[in-house]
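**Q** Dropping the sequence and predicted coords here.
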Amino acid sequence: MDIDARIRQHFADSAQTKLKAVDVLAAPIARAIDLMVKTLLANGKILACGNGGSAADSQHFAAELLNRFERERPGLAAMALTTDTSTLTSIANDYDYNQVFSKQVLALGQPGDVLLAISTSGNSKNVMAAVTAAHERDMRVVALTGKSGGAMANMLSDSDAHVCVPHSSTARIQEVHLLTLHCLCDGIDTLLLGT
């Protein structure tokens, strides 16, 4: 096995996946940016959730908004629902793991806020429960999924934004999700600060 060749193949596959996806994803990413900017301009906030690598992506996104992306600006209201171990474990212990995000959305979300819901498969039960909770709170949802969008695709309304990566590999989907998050951050900064 030639490990160098495998590494080069991963780079090539990742690049090709991104280039093929841009025509499908540019419009929903632009819609997501618009939803988020309108929320932030109305003094709303963005709540983000996901599991595993998607939890890390949620935290990465919230940090880029709350602190800064590539330019100096005041912090923007964003928070990852994946970071408070006391909250997560108490909900999982006292109720059910599938409620670890939805209970936070119901407690912290306000009408007009945005939920960034990340699920590679689109079938994560606790993320889907968060989507339901967001809709109950009259929040908009920006969903990042892959493959066919899973069950979450059918939960979204016309006022939501769905960024579904057209690929079956979890690694490739997550790589496009990260690029999407950077596009969201750049788009938000551009609309708020100019070019």
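**A** Received, thanks. Numbers count the residues shown, from 1 in each chain.

**Q** can we go C-alpha only for contacts and neighbour counts from here?
**A** Fine.

**Q** pLDDT weak spots in this protein?
**A** Counting by pLDDT under 70, the low-confidence segments of the chain come to 1.

**Q** The longest strand along the chain packs against which elements?
**A** If you go by DSSP state E, the chain has its longest strand at strand 140-146. With contacts taken as 3 or more C-alpha pairs under 8 Å, 6 or more residues apart in numbering; DSSP states H and E, strand 140-146 sits against strand 114-118, helix 125-136, strand 161-165, helix 170-193.

**Q** Select, out of the ones you listed, the one closest to residue 70.
**A** Nearest to residue 70 among the helices and strands packed on strand 140-146 is helix 170-193 (7.8 Å), distances taken as C-alpha to C-alpha.

**Q** that older thread, for the longest strand of the chain, which strands pair with it and how are they oriented?
**A** strand 114-118 (parallel), strand 161-165 (parallel) (DSSP bridges).

**Q** Just the angle for the last one relative to helix 170-193, thanks.
**A** For strand 161-165 against helix 170-193, the angle by axes from the mean of the first three to the mean of the last three C-alpha atoms, to 10 degrees is 140 degrees.

**Q** Give me the contacts around strand 161-165.
**A** Residues from elsewhere that reach strand 161-165 (C-alpha atoms under 8 Å, 6 or more residues apart in numbering): 21, 25, 28-29, 31-32, 141-149, 153, 156, 173, 176-177.

**Q** give me that answer again for 7 Å
**A** With contact meaning C-alpha atoms under 7 Å, 6 or more residues apart in numbering, strand 161-165 is reached by 21, 25, 28-29, 31-32, 141-147, 149, 173.

**Q** Those residues, buried ones only, as a ChimeraX selection?
**A** This is the ChimeraX syntax for the buried subset of these, where burial follows 16 or more other C-alpha atoms under 10 Å:
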select :21,25,28,29,31,32,141,142,143,144,145,146,147,149,173
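
**Q** what's the farthest-apart pair in the contacts of strand 161-165?
**A** Distance extremes for the contacts of strand 161-165: the farthest pair is 21 and 141 at 20.9 Å, using C-alpha to C-alpha.

**Q** Give the burial count for residue 116, as a bare number.
**A** Using other C-alpha atoms under 10 Å, residue 116 has 29 other residues around it.

**Q** Tell me the bridge partners for it.
**A** Applying DSSP bridges to residue 116 gives these bridge partners: residue 48, residue 142.

**Q** residues contacting it?
**A** 46, 47, 48, 49, 141, 142, 143.

**Q** for this structure, what's the longest helix?
**A** helix 3-41 (DSSP state H).

**Q** If we go by neighbour counts, what in that one is buried?
**A** So for helix 3-41, counting by 16+ other C-alpha under 10 Å, buried means 14, 17-18, 21, 25, 28-40.
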